[in-house]
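Participant: below is the sequence, then the predicted model.
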Amino acid sequence: MRLIIGGIPWYLLVCLHGSYVAADTASLRQKLAALRIDAVFPQDPDYEKVSAAYNKRFTYKPAAIVFPHNATEVANAVKVGVAEKIPVSPRSGGHSYAAYGLAGKNGALVIDLERLKHISVDKASGQALIGAGSRLGDIALGLNDHGGRAIPHGTCPYVGLGGHAAFGGYGFSSRMWGLTLDQITEHEIVLANGTIVTSSATVNPDLFWALRGAGSSFGIMTAMRFRTQPAPSQATNFVYEWTLDVGEFSNALIQLQIFCMSELPAQLGLESNLGKGEGGSGKLYLDLTGVWYGAENVLANVIRPFLSQMPTPAKKSVKTTSWIASLKGTADGQPLSTSGMLPETYSILIAGVNIENCLGLCSLTTPQSTPMSNSSILAFSKYLANQGHKSNTDWFVQFELYGGKNSAVTAVGEDETAFAQRSILFTIQFYASSKNASLPYPAEGFTLLDNMVDIIVNNNPSGWSYGAYANYVDDRLSSSQWKSQYYKKHYQRLTQIKRAYDPRNVFLSLKVSRSEYYSVYLCTTTIELNKASLKFIRTFELTLKLAIEQIRTLLSIWTRVSVGARGPGRFSPHQLPSAAPGTAWWIPAVLKAGSGTTGTAGGYRATCTGRGKLNTSPSLCLWGRAAHSDTRRSRGIDLPDESPGGDRVNP
């Protein structure tokens, strides 16, 4: 929205009930065009297609999406975003379950890295330089073409490297080689000030540490250098499937955990998928799926201890093939090349559930030192057999084996990288999609997911050291939950590094909980009110350079209030609004002349350092309505209250 007052333009950024009107789009378009950076804006024909989130629960509207060809163009785009005071968010593959590639909010400048997909391999060292916009399937093919090289990574071909390697990167070869991020020897990254730097064990080592586990909070990674491995000469894919009653099912999970804690060779990668079973209520599906990278005739002896505790499988498949054919098999037969393909064109079946893109998801990592109790497994099994069968959603649960003896994942020290989930046995992914991927997403889907997690956690000892996996991001976690579950003891160190490299919080590709703050956005002015101390903690610069006479003629403008942890309702001039976390309120406010003046509402003080003040006199009619924006969960890095940097910290 553009207002002209006394011949002077005012630019407002307006977010109301999910709608977005960009401030001064012409200026943004002009600057990007001058730099010859390809961009798509809300008015352009391709906007709806390129701004669509993978998960249809989210419909964020970026101010623009740019498509740079190289790191220099990425840097220039970042500078434009900073100059225009627009949040900047990188997007690698666009596969984020919570649409954090779109910043997890309206109005961001999205920097799409899809054109940064170069792959080269140094023959002498075997190290590969890979663009952050490359997708996993193309990486596998490209490295294989360069002398039969490989790195560990996930099974979905269309997932982008940037986010995958920033927060982990698990695949069936991870127990043998480690996570994707464990192979990185160097990053090329664009910082918040638009400079292009590298990070490695010897150059910017603090940044190198942080990027391997919390990557997008510190800049935009444009390329990464990897150690590569010779691709295995053969691989054996296997799947064993059962339909079980609740007693058999719980025993199977108990035996699976015992098996996974035994002396399993590093060449074994496996997972177990759970879901509704055929044959009526109470029946549950369980499989043992994986890849063996050793000699084919050894596999039977390796998995016999588990199979000997199980009924005869209803189905089984064991197939020895090449490395590339094995990857295609674990992708449910989908092509590895993603040229011309979009994520929604892929169809992958897990536990009888076709992966859809209207979904809810959460995760749980279980400690290797204190495995799940038998009572928690039994309670979990009963819940799936009863409430799980009744749920009108398509769901599955996936147990991924990270640990066990001889695992390369757990061999890495807890403090060697920012990835905090080292001493774990399983990462468990809980997934529920609406029927036919239809909107709106049902509330019972969230209830189902939350109860699955709670039943496991609550039936284990108090203080059980569980966590969560940031690449299976849950947008509903509270501030304390995502800090402790994703980052654990690393969180404080990450905030210090964040302050050093992005003190003004330029990168906003992930939402951060605001439950501890009230944020008032007044045009380009931001006031931070600390709920605990009830005082103003951040002064702001008022950029509207109007004459005193023109200010006095301004009767009112709209101001957005993002509320912390209170309940909804109307409010008077002497009360800040009471609303659920993340609720957006709109109030009319009057600017008056005067620098250093103070306004008070309900005991909350705000001091203006520019030429103006927030008028909170009783004559104002303050009112608002909720915009229903849930900001409770995040995987970004948040600065402590005393931070000099800015009002948000995320990617």
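Facilitator: That came in fine, so what should we check first?
Participant: so what's the residue count around the closest residue to G277 other than its chain neighbours?
Facilitator: Nearest non-adjacent residue to G277, counting by CB to CB, 6 or more residues apart in numbering: K283, 3.4 Å away. (C-beta placed from N, C-alpha, C; glycine too.) Applying other CB atoms under 10 Å, we find 17 residues neighbouring K283.
Participant: residues touching K283, list them.
Facilitator: With contacts defined as CB atoms under 8 Å, 6 or more residues apart in numbering, K283 is in contact with 243-245, 276-277, 385.
Participant: tell me which element the residue lying closest to E84 once chain neighbours are set aside is part of?
Facilitator: Spatially, and ignoring its direct neighbours in sequence, E84 is nearest to L28 (5.5 Å; CB to CB, 6+ apart). For L28, the element it lies in under DSSP states H and E is helix 25-34.
Participant: and the helix or strand following that helix, what does it pack onto?
Facilitator: For helix 25-34, the succeeding helix or strand toward the C-terminus, using DSSP H and E, is strand 39-40. Counting contacts by 3 or more CB pairs under 8 Å, 6 or more residues apart in numbering; DSSP states H and E, strand 39-40 packs against helix 25-34, strand 64-66.
Participant: just to revisit the earlier point, just the contacts of K283: which are in strands?
Facilitator: 243-244, 276 (DSSP state E).
Participant: let me have the contacts of K283 in a markdown table, extended by distance to N357, pLDDT and neighbour count.
Facilitator: As requested, the contacts of K283 are exported to a markdown table (distance: CB to CB, whole Å; pLDDT from 0 to 100; neighbours: other CB atoms under 10 Å):
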| residue | distance to N357 | pLDDT | neighbour count |
| --- | --- | --- | --- |
| T243 | 28 | 97 | 18 |
| L244 | 30 | 98 | 24 |
| D245 | 33 | 96 | 14 |
| K276 | 20 | 94 | 22 |
| G277 | 25 | 94 | 24 |
| A385 | 28 | 96 | 21 |
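Participant: which one of the residues you listed sits closest to C358?
Facilitator: K276 (18.5 Å; CB to CB).
Participant: the closest one touches Q387, doesn't it?
Facilitator: No. Counting by CB atoms under 8 Å, K276 stays clear of Q387, with 11.4 Å between them.
Participant: so what's the residue nearest to E84 up against?
Facilitator: Counting by CB under 8 Å, 6+ apart, L28 has contacts 22, 41, 63-64, 80, 84, 86, 109.
Participant: and those residues, which are buried?
Facilitator: With neighbours counted by 16 or more other CB atoms under 10 Å, the contacts of L28 contain buried members at 22, 41, 63-64, 80, 84, 86, 109.
Participant: pick the one among these closest to A408.
Facilitator: L109 (38.1 Å).
Participant: so where do the strands sit in the stretch 251-400 of the chain?
Facilitator: Secondary structure of the stretch 251-400 of the chain (DSSP state E, counting those that start in this stretch): strands located at 268-276, 284-292, 315-321, 349-350, 353-354, 359-367, 394-401.
Participant: okay if I get those as TSV plus distance to Y54?
Facilitator: Formatted as TSV, those follow (distance: least, CB to CB, whole Å):
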stretch	distance to Y54
strand 268-276	21
strand 284-292	23
strand 315-321	29
strand 349-350	16
strand 353-354	15
strand 359-367	9
strand 394-401	17
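Participant: relative to Y47, which of those is closest?
Facilitator: Nearest to Y47, of all these, is strand 359-367, at 23.8 Å by CB to CB.
Participant: helices or strands next to that closest one in the packing?
Facilitator: Applying 3+ CB pairs under 8 Å, 6+ apart, we find strand 359-367 packed against strand 424-433, helix 443-458.
Participant: measure how buried N301 is and give me the count.
Facilitator: Neighbourhood size, N301 [other CB under 10 Å]: 8.
Participant: wait, Y97
Facilitator: That count, for Y97 with other CB under 10 Å as the rule, works out to 23.
Participant: and what of K328?
Facilitator: 20.
Participant: against P157, how distant is it?
Facilitator: 8 Å (CB to CB, to the nearest Å).
Participant: which residues are in contact with each of these two?
Facilitator: Taking CB under 8 Å, 6+ apart as the criterion, K328 and P157 both touch 334-336.
Participant: which SS state does G104 fall under?
Facilitator: G104 falls in the coil class when you classify it by DSSP: H, G, I helix; E, B strand; the rest coil.
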